[in-house]
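**Student:** when you get a sec, could you give me coordinates for this:
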Amino acid sequence: MKVKTDNRDYIPAVGRRKCSVARVRILHDKGKGIKIIVNGKDFKEYLPYFEWQESILKPIKLTGQDNISISIKVEGGGTKGQVDAIRHGISRALLAINEEWRTTLRKEGLLTRDSRVKERKKPGLRRARRAPQWSKR
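**Tutor:** Here you go, the predicted model:
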């Protein structure tokens, strides 16, 4: 699905992980290399750790995209949850470009939404399952 605003075509997708939601837009810019903007900053500035940067670039490298511009707005959760949400969103957006990449991305587990979220606190307990210490006497 292509959307057009401000004379620019883009492909939208949403990625999620825990409480984080990443809205991804793949812009069609030719010959400019890989350019990723997260919340108005360069992704290397927003995500300073090399491991996080490699995680985001993984679907792009697997599909062989050399000239791509991506704009991302991410909110909620912690940084690691945001990284996984961004990776999920990029994978889904790339799938909209070319459906043949589905097997490659699926094999690496990039299209599966990791639905694990924090369990809610129960009444009478300290956390979700942690009960107060019990003493016999």
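**Student:** so which helix or strand takes in the most centrally placed residue in the chain?
**Tutor:** Closest residue to the average C-alpha location of the chain: residue 86 at 1.7 Å, with C-alpha atoms, centre = their mean. Using DSSP states H and E, the element containing residue 86 is helix 79-97.
**Student:** can you give me the strands for the chain?
**Tutor:** 3-5, 8-17, 20-27, 34-38, 41-42, 68-75 (DSSP state E).
**Student:** the ones you listed into JSON lines, with extra columns for distance to residue 107, mean pLDDT and mean neighbour count?
**Tutor:** No exception for glycine: its C-beta is placed from N, CA and C like everyone else's. Below are the strands of the chain laid out as JSON lines (distance: least, C-beta to C-beta, whole Å; pLDDT from 0 to 100; neighbours: other C-beta atoms under 10 Å):
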{"stretch": "strand 3-5", "distance to residue 107": "29", "mean pLDDT": "62", "mean neighbour count": "9"}
{"stretch": "strand 8-17", "distance to residue 107": "18", "mean pLDDT": "91", "mean neighbour count": "18"}
{"stretch": "strand 20-27", "distance to residue 107": "21", "mean pLDDT": "95", "mean neighbour count": "21"}
{"stretch": "strand 34-38", "distance to residue 107": "22", "mean pLDDT": "93", "mean neighbour count": "18"}
{"stretch": "strand 41-42", "distance to residue 107": "30", "mean pLDDT": "95", "mean neighbour count": "11"}
{"stretch": "strand 68-75", "distance to residue 107": "21", "mean pLDDT": "94", "mean neighbour count": "20"}
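**Student:** mean confidence score for the helix holding residue 86?
**Tutor:** Average pLDDT, helix 79-97: 95.
**Student:** that one - contacts with which helices or strands?
**Tutor:** In terms of contacts (3 or more C-beta pairs under 8 Å, 6 or more residues apart in numbering; DSSP states H and E), helix 79-97 is packed against strand 8-17, strand 20-27, helix 50-63, strand 68-75, helix 102-107.
**Student:** again, only this time at 10 Å
**Tutor:** strand 8-17, strand 20-27, strand 34-38, helix 43-46, helix 50-63, strand 68-75, helix 102-107 (3 or more C-beta pairs under 10 Å, 6 or more residues apart in numbering; DSSP states H and E).
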